[in-house]
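A.B. asks: Generate a structure from the sequence data that follows.
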Amino acid sequence: MAKNIMIQGTMSNAGKSLLCAGLCRIFKQDGYRVAPFKSQNMALNSFITADGGEMGRAQVVQAEAAGIAPDVRMNPILLKPTTDVGSQVIVNGVVQGNMRAMEYYRKKQAYIPAILEAYHSLAAENDIIVIEGAGSPAEINLKQEDIVNMGMAKMVDAPVLLVGDIDRGGVFAQLYGTIALLEDEEKQRIRGTIVNKFRGDRAILEPGLRLLEELCGVPVAGVIPYTYVDIDDEDSLSERFSRKTGRKLLDLAVIRLPRISNFTDFSPFERYDNVSLRYVDSVGDLEKPDMILLPGTKSTIADLQWLRQNGLEAAILKAADAGTLVFGICGGYQMLGRTITDPDGVEAAGTTEIAGLSLLPVDTVFRGEKVQTQTKGVFANISGPLSSLNGLSYAGYEIHMGRSEESLPPVIRHNTVYGSYIHGIFDAPEVADTILQAICRQKGIDFSAIATFDVQAYREQQYDRLADAVRRGLDMELVYRILNREA
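C.D. replies: Purely as a prediction, here's the structure:
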């Protein structure tokens, strides 16, 4: 069976996911078969595996860093929030239905066999399992039914490294306070602490680190420098949303819906030096982009109502009428259609029928069974500004409850408005290039000013860059001693 090590955090967004990805890459570089694992993930960014299972995007990233194919066993429970007090529950890649928070809380223990079956199956095939916790292990109101932090560590006898975010301030209180709130048995599992996202001279930190070691009774396993790597983020805490991006030669605007999901669909456009990709949630911020992108959402009807109420619907309609390219993916695509109906209350939005933007000749009906599949093919019969996509290959995946039409083509178009159910449709470099070339032609700009690159090579470079930063910051000799139960 594989050896294991677990990364827990003092809070959400302390950097657990990327640190796990970095460790997966390091262990791969060092010649080990390694796999990531997170028993329960709550996120709207998800992925469909080759066999049609749905899992959290963070474990997909970690699998890519480890050089292996994503597998639902890496994330046996995925919670996709549908409201402030409820989520869609997915177990081993399959939807179990929507549950309110208290209902799920009461049922959590029943999912332990599925969690352990997934974990032990992975452990039998690998040398090392890198386990990620969720939020904080010191959520004392939730500890009794915990299956993702110390509860998970106990189930598989995993040693724990606790990571805190110094960039937010108060990292010593984060780390010491978290450990102080743990029970004695849980404290024994903590083998070291990690200070993450550090900027500056480590020598200034040293007095605090030594005192922290005395207070906590465990070594500081590392100080990870603040490192920007272009790797997909897990959830809405993404820095992408708060990053101020000025308008560049080509300007693309993504509508930041309240329940936005799979926003990583648009990451390919961020990698061009002279293309700005901005996330906007108000008419004032929209301005006059060269292309408007409507992303997926976990609650299409509720987010369409939000779009209508804050004036963005009218702004999009005006832009489309003026010839601006508009492209909707999944929920965004459904919004661009004529009507959306939900006779069975699948979205629990309190509305059974709502008019769409009527920019595409599509009607959507929500049904109980979820479509989740990988898909690939060749673009054909696309007209208008993006007709040069014809003949290019695409690959991606679909995750949606609504059905719009039978035998729907991969992309549907009306005037300068396009829509597709396929997440990842822009990932192939020729596809992103071709769309940007079309915008360049409209603006009279030479595409050579935008530049292109090898996406796969770039992605591998980013994982290596992350691994280099983690390896420099961590005491890897200590990490290996912890893995071998020598520390």
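
A.B. asks: Quick check: which element contains Phe61?
C.D. replies: If you look again at residue 61, you'll see it is Val, not Phe. Assigned by DSSP states H and E, Val61 belongs to helix 57-66.

A.B. asks: Compute the inter-axis angle for whichever helix or strand comes after that helix and helix 57-66.
C.D. replies: Downstream of helix 57-66, the next assigned helix or strand under DSSP H and E is strand 77-83. With axes from the mean of the first three to the mean of the last three CA atoms, to 10 degrees defining the directions, strand 77-83 sits at 140 degrees from helix 57-66.

A.B. asks: strands paired with the helix or strand just after strand 77-83, and their directions?
C.D. replies: The helix or strand immediately downstream of strand 77-83 is strand 86-91, counting by DSSP H and E. Strand pairing for strand 86-91, using DSSP bridges, gives strand 77-83 (antiparallel), strand 94-100 (antiparallel).

A.B. asks: which element follows the last one toward the C-terminus?
C.D. replies: In this case it means strand 94-100. helix 101-107.

A.B. asks: before we move on, the earlier item: nearest to Arg199, out of the strands paired with strand 86-91?
C.D. replies: Closest approach to Arg199 among these (CB to CB): strand 77-83, 32.1 Å. Where C-beta positions appear, they are placed from N, C-alpha and C, glycine not excepted.

A.B. asks: just how off-centre is that closest one within its chain?
C.D. replies: How far strand 77-83 lies from its chain's middle: 13 Å, per CA atoms, centre = their mean, to the nearest Å.

A.B. asks: Pull out the buried positions in it.
C.D. replies: Ile77, Leu78, Leu79, Lys80, Pro81, Thr82, Thr83 (16 or more other CB atoms under 10 Å).

A.B. asks: how near is the closest residue in space to Gly97 that isn't next to it in sequence to Asn75?
C.D. replies: Counting by CB to CB, 6 or more residues apart in numbering, Gly97 lies nearest to Val89, which is 6.4 Å off, once chain neighbours are set aside. Distance of Val89 to Asn75, given as CB to CB, to the nearest Å: 13 Å.

A.B. asks: where does Arg465 fall, helix, sheet strand or coil?
C.D. replies: helix (DSSP: H, G, I helix; E, B strand; the rest coil).

A.B. asks: that older thread, separation between the residue nearest to Gly97 and Gly151?
C.D. replies: Using CB to CB, we find Val89 at a distance of 18 Å from Gly151.

A.B. asks: Gly284 now?
C.D. replies: In this view, Gly284 and Gly151 are 46 Å apart by CB to CB.

A.B. asks: Looking at these two, which is more packed in?
C.D. replies: Gly151 (22 against 9; other CB atoms under 10 Å).

A.B. asks: show me the contacts for the more buried one.
C.D. replies: Lys143, Glu145 (CB atoms under 8 Å, 6 or more residues apart in numbering).

A.B. asks: between the strands paired with strand 86-91, which one is nearest to Ile316?
C.D. replies: Taking CB to CB, strand 77-83 is the member of the strands paired with strand 86-91 nearest to Ile316, at 24.3 Å.

A.B. asks: confidence score at Leu142?
C.D. replies: Confidence at Leu142, expressed as pLDDT, is 82.

A.B. asks: On the pLDDT front, check the residue lying closest to it once chain neighbours are set aside for me.
C.D. replies: Leaving out its chain neighbours, the residue that sits closest to Leu142 by CB to CB, 6+ apart is Tyr105, at 7.9 Å. On pLDDT, Tyr105 comes in at 87.

A.B. asks: what stretches of the stretch 201-350 of the chain score poorly on pLDDT?
C.D. replies: Residues of the stretch 201-350 of the chain meeting the criterion pLDDT under 70: 233-244, 349.

A.B. asks: could you pull out the strands for it?
C.D. replies: Using DSSP state E, counting those that start in this stretch, the strands of the stretch 201-350 of the chain run over 220-225, 250-255, 260-261, 275-280, 291-294, 296-297, 325-329, 339-341.

A.B. asks: Name the surrounding residues that touch the fifth one.
C.D. replies: Around strand 291-294, the neighbours that count as contacts under CB under 8 Å, 6+ apart are 250-255, 257, 266, 286, 316, 319-320, 324-329, 331-333, 335-336, 435, 439.

A.B. asks: Put together CSV for the buried residues of strand 77-83, with pLDDT and distance to Ala348 on each row.
C.D. replies: Putting these into CSV (pLDDT from 0 to 100; distance: CB to CB, whole Å) gives the following:
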residue, pLDDT, distance to Ala348
Ile77, 97, 20
Leu78, 96, 18
Leu79, 94, 15
Lys80, 91, 13
Pro81, 88, 12
Thr82, 80, 6
Thr83, 77, 6
